[in-house]
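**Q** next input, structure requested:
(4 chains)
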Protein chains: 2
Amino acid sequence: MAVTLADVATRAGVSAATVSRVLSGNYPVAGATRTRVMRAVEELQYVVNGPASALAASTSDLVGVLVNDIADPFFGIIASAVQSEMGTVGQSGAGGQKLAVVCNTGGSTESELSYLTHLQRQRAAAVVLTGSGVEDEKHGAALATRLRRLASGGTRIVLCGRPPLAPEHQEPEGAAREKARAPKEDGQGGESVGSGADSGHGIVTIAFDNRGGSRRLTEHLLSLGHRSIGYVTGPSDRTTTRDRLEGHRLALRAAAPELLADADQFTVHGGAYDRSSGYDGALELLRRVPRLTAVLAANDTVALGVCAALRDQGLRIPEDVSVAGFDDLPFSADASPTLTTVRIPLHDAGARAGRLALGRETPPPGGVATVRTELLARGSTAPPPGPRG
Amino acid sequence: MAVTLADVATRAGVSAATVSRVLSGNYPVAGATRTRVMRAVEELQYVVNGPASALAASTSDLVGVLVNDIADPFFGIIASAVQSEMGTVGQSGAGGQKLAVVCNTGGSTESELSYLTHLQRQRAAAVVLTGSGVEDEKHGAALATRLRRLASGGTRIVLCGRPPLAPEHQEPEGAAREKARAPKEDGQGGESVGSGADSGHGIVTIAFDNRGGSRRLTEHLLSLGHRSIGYVTGPSDRTTTRDRLEGHRLALRAAAPELLADADQFTVHGGAYDRSSGYDGALELLRRVPRLTAVLAANDTVALGVCAALRDQGLRIPEDVSVAGFDDLPFSADASPTLTTVRIPLHDAGARAGRLALGRETPPPGGVATVRTELLARGSTAPPPGPRG
DNA sequence: CTGTTAGCGCATTCAC
DNA sequence: GTGAATGCGCTAACAG
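**A** Residues are numbered from 1 along each chain as shown, chains lettered A, B, ... in the order given. Coordinates of the predicted model:
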């Protein structure tokens, strides 16, 4: 049906091997024949058969980028940065070009695994997992296993925006094994496997300093004089949610330990990293603590929802209540008032992940790099008002 | 290196053919052998070799989704919707599952073409092109050609959010042809090729009614009493930009033709669909027309930039100047004031595109469906102020 | 520099 | 229901 290498070879009056060589470019071919072949390719509108070529060469030009929510700019920015490192996609015929494809898991552990399977089937050159992981013992183990397997098959793995794989999720090197349900309840700080190198098979991690950023954010609020600070978290089973909340509590413990007592009262667990989660969360917080003077949100999107709820309740920002987000997504600078937040260099992190995925950058020592986050104090936070009511 | 079908066959004590059959599932196999095979698969941790299987079966489970800017929620929402229609990705071993991969063109025509080539190499099952196309005669022809070629190779093509392929970009059915630079400067309304069916090879289009929406938006402003309306467009070579501007002018022509005279004066061409484009555009507009009472933006993101610029100039929204966006992206409802905009049902459109790509929905008559857009009059538009200064 | 020869791993005919 | 053969289209040694 379709035109094949052989057709081109015939038309150009050369052998299939020669055609293959000019197409891949990485082999000396006489200028004259090259032109002849190229012309035949043009005339026949020949397009390489990817599967066949991948099979024969046992390589793939696919790089998978897994994201939790493609409609969320947080992931869009990272994915875009990863892709930008793949270089301008080559001209037809040029080789060596990687194709970054982004896979939307929707935050579901099953589809995360499924995409990984697909990518493994395609013998992907690399896989970049972005954003927070799910805090689930079972899934964590399954994921670690699949990732290690992929890595040992030659696929480069990069974690971007999530913590490194827990070392306890180890797997015996051997192939066949009956359901390794080894009950390794260590609990201790893991002794690092793989002496200074990445934990296991060259799985590289670019973690975000969520905890530190969150801590500084709370310190900012505290130093402004706030003592009644609500927190609308992200989905409760995510690593990012956990880290940011931890940072918050760390700041409280250090500077205002008396607030820790009824911290739960001041914490609402949002169901998602979205607007309505912030809206509902703020309402709930206000119900519980009418004299709230500040609200911390899981991220900027959630913060927007918080702002909307507050305004709908007749409260002014920041005069009555201060609000802060996280991530510094583009719109947060344009919100009104401008949103105080914690900046994560998403683009840089994504770009680095891309380079790492391509093997164009040497992995950080230990296989883990933590990117710094930066407090951006803007218009949505101010000192708390005097006594209300 | 990796474990193959043959390995599994040996371990299960059956032939490779049998293993293949249980794995693909679409063939009668005795229950006993099936279990045996499955067990061997488990034990060996076998994963199908995608390329090999694709080569042998000459099919692919890849669906490409091309977007102009993956960091823009406009595309994220569409892509996410497309992907949602691919169904929950199957369990390992299950077949028939399509894998939607999104490719970020960055709005570049070359990478659009390049991705298409890659997808063609992979013999993709379908390709969805989203968002506005580039208004370039040469590129349009090249794109149409490549799309038709893909379609005739069995790949389903869906255009989502851009106008249908121009019928003049036709190509002779035969294969070999020397640079079809046929100078078909028709100019007339194209006679529809392909009698009522899609123009050519089953290329389906889901267009957005940008023109109508834009027209209604301008009518809204006009009816509010505005007579000094600025417009910050998107990139000037995009179909979406053109359509929205046309709708605007259509409304002017109908209701306030006197404003058409110096329409150029009131129009600034933004370089991109981003925030800074809106910011700069608004400033420029203000320089040209200090007494501006309303600004229309290319989309919501641009509108946010416009708002920021206006505020920085000490102008209140909507008391001094009204602002409106387009698309109704999630954040526009949370802006302050809430943004008047035109809603496009991006999710529905994307989902439909996904179904069309899978062949799960019958194409609209003529191969083109236009989705309606809806004016959302919110807080950022109001009657113009009395004489200023 | 170019042609010949073998597979890559799997999905299918066909026989049995 | 299952096994044995054949070929998908291409790349990678080898020769020459």
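**Q** for chain A, what lies in contact range of DNA strand D?
**A** Counting by Cβ under 7 Å from any atom of the strand, the positions of chain A adjacent to DNA strand D are A:1-2, A:4-6, A:16-17, A:20, A:23-24, A:46, A:48-49, A:52-53, A:55-57, A:59. In short, each C-beta sits where N, CA and C put it, glycine included.
**Q** now those residues: which count as buried?
**A** Taking 16 or more other Cβ atoms under 10 Å in any protein chain shown as the criterion, what is buried in the residues of chain A next to DNA strand D is A:Thr4, A:Leu5, A:Ser20, A:Leu23, A:Ser24, A:Tyr46, A:Val48, A:Asn49, A:Ala52, A:Ser53, A:Leu55.
**Q** among those residues, which two are most distant?
**A** Spatially, the most separated pair among those is A:Tyr46 and A:Leu55, at 18.1 Å (Cβ to Cβ).
**Q** can you list phi and psi of A:Arg156 for me?
**A** phi -80, psi 140 (degrees, to the nearest 10).
**Q** check the gap between the residue minimising distance to the centre of chain A and DNA strand D for me.
**A** The residue lying closest to the centre of chain A (Cα atoms, centre = their mean) is A:Thr130, at 1.7 Å. The spacing between A:Thr130 and DNA strand D, counted by Cβ to the nearest atom of the strand, to the nearest Å, is 31 Å.
**Q** identify the residues contacting that residue.
**A** Neighbour list for A:Thr130: A:65-68, A:75, A:78-79, A:82, A:160-162, A:350, A:353 [criterion: Cβ atoms under 8 Å, 6 or more residues apart in numbering or on different chains].
**Q** looking at neighbours, which among those is most surrounded?
**A** Neighbour counts for those (other Cβ atoms under 10 Å in any protein chain shown) peak at A:Val65, which has 35 neighbours.
**Q** packing partners for the helix or strand where A:Arg216 lies?
**A** Using DSSP states H and E, A:Arg216 falls within helix A:210-224. Judged by 3 or more Cβ pairs under 8 Å, 6 or more residues apart in numbering or on different chains; DSSP states H and E, helix A:210-224 is in contact with strand A:229-233, helix A:239-255, strand A:294-297, strand A:322-324, strand A:341-343, strand A:374-376.
**Q** want to try a markdown table for those, with distance to A:Ser214 as columns?
**A** Listed next are the helices and strands packed on helix A:210-224 as a markdown table, based on distance: least, Cβ to Cβ, whole Å:
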| stretch | distance to A:Ser214 |
| --- | --- |
| strand A:229-233 | 9 |
| helix A:239-255 | 3 |
| strand A:294-297 | 8 |
| strand A:322-324 | 10 |
| strand A:341-343 | 7 |
| strand A:374-376 | 10 |
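**Q** and B:Pro384, which of those is closest to it?
**A** Closest among these, using Cβ to Cβ: strand A:322-324, at 32.0 Å.
**Q** quick revisit: with mean neighbour count, mean pLDDT and distance to B:Ser336 added, can I get the helices and strands packed on helix A:210-224 in a markdown table?
**A** Listed next are the helices and strands packed on helix A:210-224 as a markdown table, based on neighbours: other Cβ atoms under 10 Å in any protein chain shown; pLDDT from 0 to 100; distance: least, Cβ to Cβ, whole Å:
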| stretch | mean neighbour count | mean pLDDT | distance to B:Ser336 |
| --- | --- | --- | --- |
| strand A:229-233 | 25 | 98 | 19 |
| helix A:239-255 | 20 | 97 | 25 |
| strand A:294-297 | 30 | 98 | 16 |
| strand A:322-324 | 29 | 98 | 12 |
| strand A:341-343 | 25 | 98 | 16 |
| strand A:374-376 | 17 | 98 | 19 |
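**Q** these: which one's closest to B:Glu319?
**A** Across the helices and strands packed on helix A:210-224, closest to B:Glu319 is strand A:322-324 (Cβ to Cβ), at 24.1 Å.
**Q** circling back: least confident of the buried ones among the residues of chain A next to DNA strand D?
**A** Lowest in pLDDT among those is A:Ser24, which has 89.
**Q** list phi and psi for that one.
**A** The phi/psi pair for A:Ser24 (degrees, to the nearest 10) is phi -80, psi -20.
**Q** for A:Arg11, same thing?
**A** Main-chain dihedrals, A:Arg11, degrees, to the nearest 10: phi -60, psi -30.
**Q** ok, the one 5 residues further on next?
**A** For A:Ala16, the backbone dihedrals are phi -60, psi -40 (criterion: degrees, to the nearest 10).
**Q** contacting residues for it?
**A** A:Ala16 sits next to A:Leu5, A:Ala6, A:Ala9 when contact means Cβ under 8 Å, 6+ apart.
**Q** could you find the closest non-adjacent residue to the first one?
**A** Put plainly, it is A:Leu5. A:Ala16 (4.9 Å; Cβ to Cβ, 6 or more residues apart in numbering or on different chains).
**Q** before we move on, back to that, make TSV out of the contacts of A:Thr130 and add secondary structure.
**A** TSV is the format used below for these (DSSP: H, G, I helix; E, B strand; the rest coil):
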residue	secondary structure
A:Val65	strand
A:Leu66	strand
A:Val67	strand
A:Asn68	coil
A:Phe75	helix
A:Ile78	helix
A:Ala79	helix
A:Val82	helix
A:Cys160	strand
A:Gly161	coil
A:Arg162	coil
A:Gly350	helix
A:Ala353	helix
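**Q** and A:Ser53, what does it touch?
**A** A:Ser53 touches B:Arg121, counting by Cβ under 8 Å, 6+ apart.
**Q** where in chain A is pLDDT low?
**A** The model of chain A has pLDDT under 70 over residues A:1, A:88-96, A:168-201, A:387-389.
**Q** would you map the strands across it?
**A** Counting by DSSP state E, the segments of chain A that form strands are A:62-67, A:99-104, A:126-130, A:156-160, A:203-208, A:229-233, A:267-269, A:294-297, A:322-324, A:341-343, A:368-371, A:374-376.
**Q** contacting residues around the second one?
**A** Outside strand A:99-104, the residues within contact range by Cβ under 8 Å, 6+ apart are A:61-70, A:79, A:82-83, A:86, A:89, A:115, A:118-119, A:354, B:70, B:79-80, B:83, B:99-104, B:115, B:118.
**Q** stretch A:69-79 now?
**A** Identification of contacts with stretch A:69-79 by Cβ under 8 Å, 6+ apart yields A:65, A:67-68, A:100, A:102, A:104, A:106-107, A:130-131, A:160-161, A:273, A:299, A:301, A:327, A:329-331, A:346-347, A:349-350, A:353, B:69-73, B:75-77, B:79-80, B:83, B:102, B:104.
**Q** and those residues, which of them are buried?
**A** Buried residues within the contacts of stretch A:69-79, counting neighbours by 16+ other Cβ under 10 Å: A:65, A:67-68, A:100, A:102, A:104, A:106-107, A:130-131, A:160-161, A:273, A:299, A:301, A:327, A:329-331, A:346, A:349-350, A:353, B:69-73, B:75-77, B:79-80, B:83, B:102, B:104.
**Q** wouldn't A:Thr340 be in contact with A:His220 here?
**A** Yes: A:Thr340 is in contact with A:His220 according to Cβ atoms under 8 Å; the separation is 7.4 Å.
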